[in-house]
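# pasting the sequence and the predicted coordinates here, then a few questions.
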Amino acid sequence: MTIIRRRRHNQNTYHSNHRTRNSCATGIYSPTSATITFSIAPVSFASKMIESSSKGLLAPEVHAHDDDDMSETEACIDRRNRHPIPAVPPSSLPVYMTIHRVRRLVAAAVDEPYSLEQLKDHRVNKEIVRPLVDRLYTPSDISVVYCLLANRVQFLREQSSTVHQTVTIARATLCELAATLILRRLHEEHTSEDGLLLLSHVLVEGFDPFQGAPDSVQLDTAARQWRLQEREGHERKLTALELAIISESKTFISSPACQRVVNAVYEGQVIYTPLSVMDILPDHYRHHPISLYDPRKAPILNHYRLIVPRWRNAVEMCQFLILLGLYVLTMMYRNDEGTELFELMFSIYTAGWVLSELAAIAEHGWEVHSQSLWSFLDLTFIFIYGAYVIARIFDIYAGRFPLGQGLHILCIAAPVLLTRLAFTLLPNNIVFISVRAAMSDFMMLTFLATWCFVGFLLALQWLIDSDDNSNTTIITPRWSIIAKWMLWIWFGLDGTGFDEAGNFHSVFGPALMVAFAFLGNTLFLTLTIAVLTNTFSRIIADATGEVAFRRTVLTFEGVKSDAIFAYPPPTNIIALVVLLPLKLLVSPAVFHTVNVSLVRALNAPALLLISLYERRRSWSGGVLGRRRRGKNPFLNWHFTGFSPYDNVQAVFKTSVPDEMGDAIERLDPLEKAPRTPIEPVAVDADIRFRR
C-alpha cells in the first residue's frame, strides 16, 4: 500500500508568472507491487504532442499540386524549435484495455446510489473519487478521459434494463466526475499555449473503442458492423467531446478546462479535421491533425476557415435570413398575378437549405443533432416544406396553379420560422433553453393524455352504438362531434358533453364524462404544471452548465466535415449533381483540387473578409500592434462602457512588474500562507474502498 498526497496547484499568480514549467509528472503503476510512483520528465507531454503535430503537418506525403494543403500547413504555429522528443502516438494507446479497466474500477468503487453532491462530499471524495483519479491519471495517456466518458455512456444505457438502476446512474456520475478532475489536473499543470494543444488532443482526438483489442475481437466486431463510408482508418472513431454531448455530461462540459478548448475551437484557434458518421459529398483527401492556427501565415483565401464554428454560425445565420426573407415575399405576394418568381426562388433556395440540414443530421447523427436548441424547429419546417412540395405538384396537375392547397400549407410555417429566428438570435438565453426542455416534457405529457383521450372516445362511441339505444329517435352523433365535446371539457371551454352524456347511457355516460373531466382537465393540468415547474427549476439551478452545454453543442456541430457545407444554397444542389459523379471518375487528388477551386471561387468575398479580420486582429494583438498603439496616443485607448468602476476592472488587467512581484513574495511567502489541510489517501491494489 502506498500513501499518495495530492499535489496542490500554485494559486499565486505573481509567483507563477516568474516560473516556467519544463517538466511534468508521469504516473507509473506497477500491478505486482500495487504502488503508484511519479517520475519527472525533462519535457512536458504537451511539448511532445505539439512536436508530433508539427511533424504530422509537415509530412513528406504532400504532393506538388496541393498548394492549398501546404498553405494550410504554414498557417499552423511553428513548433520545430521545440525539443525533438517523440510523444506517444494516439494510435498506439491501449484504448480497449483502458475502457475495461475503468469499468472494473468504477464497478468496484461504487455499489450504492450516490448522487453528484454526495460524490463531491469531503469524506466520499477522499475515500472514492480522489484515489480513483490518482490511479487513472497518466499524463502520457490522453485516452483516459475518452474511456471514462465511454463508460458513462454505457452505464446510462444499462440503467433502463437493470434492477440496480440507481447504482448504475451513480457509476455513470462517478465516471463524469473523474473525467472532470483528470481534465482539470491537466489544465492546472499546463496553463500555457502548450497546454491548450494538449487539452485539445484529449477532447477532440478521435479514438476507436476497439483500439488495442486482440485480433480475434477486432475481426469478430468488424464482421458484425456496417461501414457507411471509408475514412482511411477513422470510420469507427469518436471524440471525448462527442461522448460528453451524447451522455449530457454537463458538469464535465461546463468545467473551465473543457470550455477553454471549446472557446478555442469556436474562435478557430484550434483546428482539426472532424470525424463524421456519413458525408453526402465526402472529400477526405487530407486529414489534418490537431494544431494551433496562425492567421498571419495563412493564405488570403483559406477555405478551411469555413468550418470554423464562429464563421460557420455567421454564414448559417445569413442563409436563414435569406430563407426567411424569401418566405415573407412569397406569402405577401401570393395572390398577385405574375409574382410566381418569388415562390420559385423560395422553393429552389429552400431545397438547398433543406439539403444542408439533412447533411448536418447525417454528419453526426440525430443523437447529437437533437441536442441543438432549434433542431426540432428545423425538423418541423422540413416536414412542412415536404408537404408543401407534394401539394404544389398536385396543384399543378389539378390546374389550380398559382393558387391551391400548397400555399395554405406554407402559411403554417410562419410560427416555426419566426420562433426559429428568435432561438438563433439568442442561443444562450436561459429562457429559450428552458422552453426547449419544457416543450419536450410537454409533448410527452400531451401524447400520454391523448392516448387516454382516445380510450374515453371509443368507450362513448361504443356505448351510443349499443343495442339499448338502437330504437331511440335521438340522432347518433359522429365520433368527430364526440371528440369536440370532450376537447371542450379538456380545455374547460364548454359543458355540452355533460348535457349529452345521458344520451350515451343513463349511468355510464355521465360517469365517463365526469371521470374524463377529472383526469383530462384537473389532474392533467396539475401534473403538467408540476412537471414543467420542476424542469424549469432544474435548468435555472444549473444555468451556467446548461448554457455551456448548448454552446458546446453549437461549437461541435459547427466544425463541418462534409464538403457540401462549403457550397451555399442553392449551389449545393448543383455541386451534389455535378461533383458526386465526378468523384467516381477522377482520382481523390484531382477531385480535391477541383473542389477547393470551386469553394474558393464561390466564397471569395466571405473568405477575404475573414482573412482580413483575423489578420488585423492578430496583428493588433501582437507585439507590433502594441508598439504602434504605444507610439500613437489616439490608438492607445480601450472602451470600458459607461461604468464608474472601470478603474477597478482595469487594475486587474495590468501586468505586475517583476520587482513588485518579488516584493509581494517577500512580504507574504506562499509557504506561510494559510491553506486547507490535505489528508493522505490510502490506495490499495484492488481499489475496494470502505464506505
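Perfect, thanks for sending it.

# in the stretch 401-550 of the chain, where is pLDDT below threshold?
466-475 (pLDDT under 70).

# at 80 what do you get?
Counting by pLDDT under 80, the stretch 401-550 of the chain contains low-confidence residues at 401-404, 464-476, 492, 521.

# helices along that one, start to end?
405-411, 414-425, 430-464, 479-491, 496-504, 508-517, 524-541, 543-558 (DSSP state H, counting those that start in this stretch).

# E367: which of the ones you listed is closest?
helix 543-558 (11.3 Å; Cβ to Cβ). Any C-beta I mention is one placed from the backbone N, CA and C, and that applies to glycine too.

# so which residues make contact with that closest one?
Under the contact criterion Cβ atoms under 8 Å, 6 or more residues apart in numbering, helix 543-558 has outside partners 241-242, 244-245, 248, 250-251, 253-254, 258-259, 262, 265-266, 307-310, 312-313, 360, 363-364, 368-369, 371-373, 427-428, 430, 433, 539.

# may I see the ChimeraX selection of the buried members of those?
Those of those that count as buried under 16 or more other Cβ atoms under 10 Å are selected in ChimeraX with:
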select :241,242,244,245,248,250,251,253,254,258,259,262,265,266,307,308,309,310,312,313,360,363,364,368,369,371,372,373,427,430,433,539
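
# now, the contacts of helix 543-558 that are in helices?
The helices, defined by DSSP state H, take in 241-242, 244-245, 250-251, 253, 258-259, 262, 265-266, 309-310, 312-313, 360, 363-364, 368-369, 430, 433, 539 from the contacts of helix 543-558.

# thinking again about what came up before, turn the helices of the stretch 401-550 of the chain into a markdown table, columns for distance to C318.
Formatted as a markdown table, these follow (distance: least, Cβ to Cβ, whole Å):
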| stretch | distance to C318 |
| --- | --- |
| helix 405-411 | 22 |
| helix 414-425 | 11 |
| helix 430-464 | 21 |
| helix 479-491 | 41 |
| helix 496-504 | 51 |
| helix 508-517 | 50 |
| helix 524-541 | 30 |
| helix 543-558 | 14 |
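
# quick one, which of those is nearest to L116?
So among the helices of the stretch 401-550 of the chain, helix 543-558 is nearest, using Cβ to Cβ, at 11.0 Å.

# got a pLDDT number for I3?
Here, the pLDDT recorded for I3 equals 36.

# please shift the residue numbers so they start at 16 in all later answers.
Noted, 16 is the first residue going forward, which turns the last one into I18.

# what is the neighbour count of the closest residue to W494 other than its chain neighbours?
Distance criterion Cβ to Cβ, 6 or more residues apart in numbering; nearest residue to W494, sequence neighbours excluded, is Q476 at 5.3 Å. If you count neighbours by other Cβ atoms under 10 Å, Q476 ends up with 16.

# quick one: buried residues of stretch 458-469?
A464, F468.

# please save the CA atoms from that stretch in PDB.
Extracted as PDB, the C-alpha positions of stretch 458-469 are listed here (Å, rounded to 0.1, in the frame of the first residue of the first chain):
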ATOM      1  CA  MET A 458     -45.100  16.900 -25.800                       C
ATOM      2  CA  MET A 459     -44.600  13.700 -23.900                       C
ATOM      3  CA  LEU A 460     -47.400  14.500 -21.400                       C
ATOM      4  CA  THR A 461     -49.700  15.500 -24.200                       C
ATOM      5  CA  PHE A 462     -49.000  12.300 -26.100                       C
ATOM      6  CA  LEU A 463     -49.900  10.200 -23.000                       C
ATOM      7  CA  ALA A 464     -53.000  12.400 -22.300                       C
ATOM      8  CA  THR A 465     -54.200  12.000 -25.900                       C
ATOM      9  CA  TRP A 466     -53.700   8.200 -25.700                       C
ATOM     10  CA  CYS A 467     -56.100   8.200 -22.700                       C
ATOM     11  CA  PHE A 468     -58.400  10.600 -24.500                       C
ATOM     12  CA  VAL A 469     -58.800   8.100 -27.300                       C
END
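
# any residues touching it, and which ones?
Residues contacting stretch 458-469 (Cβ under 8 Å, 6+ apart): M501, W505, F531, L534, G535, F539, L542, T543, V546.

# 7 Å instead, please
Residues outside stretch 458-469 that contact it (Cβ atoms under 7 Å, 6 or more residues apart in numbering) are M501, L534, G535, F539, L542, T543, V546.

# hang on, the earlier thing: out of the helices of the stretch 416-565 of the chain, which gets nearest to L211?
Using Cβ to Cβ, the helices of the stretch 416-565 of the chain put helix 558-573 closest to L211, at 14.9 Å.

# where does the stretch 566-706 of the chain dip in pLDDT?
For the stretch 566-706 of the chain (pLDDT under 80), the answer is 632-671, 676, 682-683, 685-706.
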